[in-house]
Each structure stands twice: as C-alpha cells, then as structure tokens.
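>>> after the sequence you'll find the predicted model.
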Amino acid sequence: MHLLESHGSDLPDRVQSVQVSGESLPYAAAGLPTAVSAPLAQVLAYIEHNACQPLRLEQLASIACLSVCRFIRVFHRQFGLPPHRYICHVRIERVKALLRAGVAPAVVAGETGFYDQSHLSRHFKNVCGMTPGQYLSQLRTQSAPTQGLETH
C-alpha cells in the first residue's frame, strides 16, 4: 500500500496498461523461427502471460510435454538461448516499457519479477549494457528538444 501512496493511485493502471498493451510485445517476436512447434508455442504464450511471476523449468517442460533436460535442449536449439535467459529478456522488455511509462525503477523491480532493484539492475546491465538509470537518462536525452541550434 505504501507504494500506492508514494507513487500515486494510478500505478496499478499504468502497470496493467503496459502489460496488456502493445508495449509488452514478445521479446523475440521479430526473431522467432516461422515454424515453432505447438508445444513450444504454448510455452512462449505461457511465459508471455506469466513472465512477472516465478517460473520453474518443471512447469515449462510439462507444458511442452518434455523432461526438463530435453526441454532445455529443444528450447535452446529452437530459439538460440536457454529458457531462463529468454524469460529474463522478456522481463527486461517489460521493465523498459514501464520505465518509459514513468514508473520508478524501485517499483518496476517488484512488478516485473525481480527480487529488488539491485537484482533488476544487474540483469538489466547484462542484457542492455547499461543500468536502468542510464537507460532513463538516454531516453530523456533522446526525447529532449535540441536547444541552442540555430538554422540560417
């Protein structure tokens, strides 16, 4: 409740709109192979809908009707990265969308399945090459109007 008091009552609406809107596009949507097996497509859909919740390999493997070891191998072969890295990338895309929506990094961490802001920052830097704060600074720089430039 203290998060709502300090960040406004519209926080749940902003989080929900990011999770439901086009901003929460699948991480690998553009790079997915065209022929994804039905079980793996179900796993991807499950990950997309539950990315901010704790996900266990046993759950994902059972959706694909595979053993955990076989699931990891098949997933990695199909998508080029192991399931846990894919999930991390999906979460980071959600983090970016929430940051763009103006949600504070400390709040974003809890809303996207990370333990705390430090955990988020570590994974964000591994995936994006910068911290969430640096990402926000870059966004501000890109969206700021150019000042002091005169055209003749």
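In hand now; what should we look at? Note that this is a predicted model, so its numbers are computed, not measured. Numbers count the residues shown, from 1 in each chain.
>>> thought Tyr115 was touching Ala109?
Yes. Using Cβ atoms under 8 Å, Tyr115 is in contact with Ala109, at 7.5 Å. The way it works is simple: take the backbone N, C-alpha and C, and place the C-beta from them, glycine included.
>>> and these two? which has more neighbours close in?
A count of neighbours by other Cβ atoms under 10 Å puts Ala109 above the other of Tyr115 and Ala109, at 23 against 9.
>>> pLDDT score for Gly110?
Looking at Gly110, its pLDDT stands at 90.
>>> for Val18, report the pLDDT, please.
Reading off the model, Val18 has pLDDT 41.
>>> helices of this protein, start to end?
Assigned helices in the chain, in chain order: 2-7, 11-20, 38-50, 57-63, 68-79, 83-100, 105-111, 117-128, 132-143 (criterion: DSSP state H).
>>> name the residues of the fifth one that are buried.
The neighbour-count criterion (16 or more other Cβ atoms under 10 Å) identifies 71-72, 74-75, 78-79 as the buried residues of helix 68-79.
>>> could you find the closest non-adjacent residue to Leu98?
Val108 (4.6 Å; Cβ to Cβ, 6 or more residues apart in numbering).
>>> in this structure that neighbour contacts Ser121, no?
No. Applying Cβ under 8 Å, one finds Val108 not in contact with Ser121, separated by 10.5 Å.
>>> okay, and the common contacts of these two?
Counting by Cβ atoms under 8 Å, 6 or more residues apart in numbering, the residues touching both Val108 and Ser121 are Pro132.
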